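Colleague: this is the structure alone, sequence omitted:
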């Protein structure tokens, strides 16, 4: 009897699309209250997912959906750093 492996999926906070977890970028608020980009998807903290596109990041910034999801204000410098990371990923 073969079993199919379940692929975890998450919802992008910007566009609302549900995609496999590996196709999304994870942003976390650590227990200390810091905001970090989590490329591994395994760091401890409250997480929110966005598509790996600059467009979704811009939409999340405009709508403040990332701030609402993480329940904290996100500095503009952080958005710039994540945008740079997403551009490097392709």
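Modeller: Right, received. Where do you want to start? These figures come from a predicted structure and were not determined experimentally. Numbering: from 1, shown residues only.

Colleague: can you list the weak-confidence ranges in this protein?
Modeller: Residues of the chain that meet the criterion pLDDT under 70 lie in 1.

Colleague: the longest helix in this protein is where?
Modeller: Longest helix in the chain by number of residues, with DSSP state H as the criterion: helix 76-89.

Colleague: helices or strands next to that helix in the packing?
Modeller: Helix 76-89 is packed against strand 24-29, strand 35-38, helix 54-63, with contacts defined by 3 or more CB pairs under 8 Å, 6 or more residues apart in numbering; DSSP states H and E. All C-beta spots, glycine's among them, are computed from the backbone N, C-alpha and C.

Colleague: report the buried residues of it.
Modeller: 78, 79, 82, 86 (16 or more other CB atoms under 10 Å).

Colleague: as JSON lines, those with distance to residue 62 would be great.
Modeller: Shown next, in JSON lines, are these (distance: CB to CB, whole Å):
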{"residue": "78", "distance to residue 62": "15"}
{"residue": "79", "distance to residue 62": "10"}
{"residue": "82", "distance to residue 62": "14"}
{"residue": "86", "distance to residue 62": "16"}
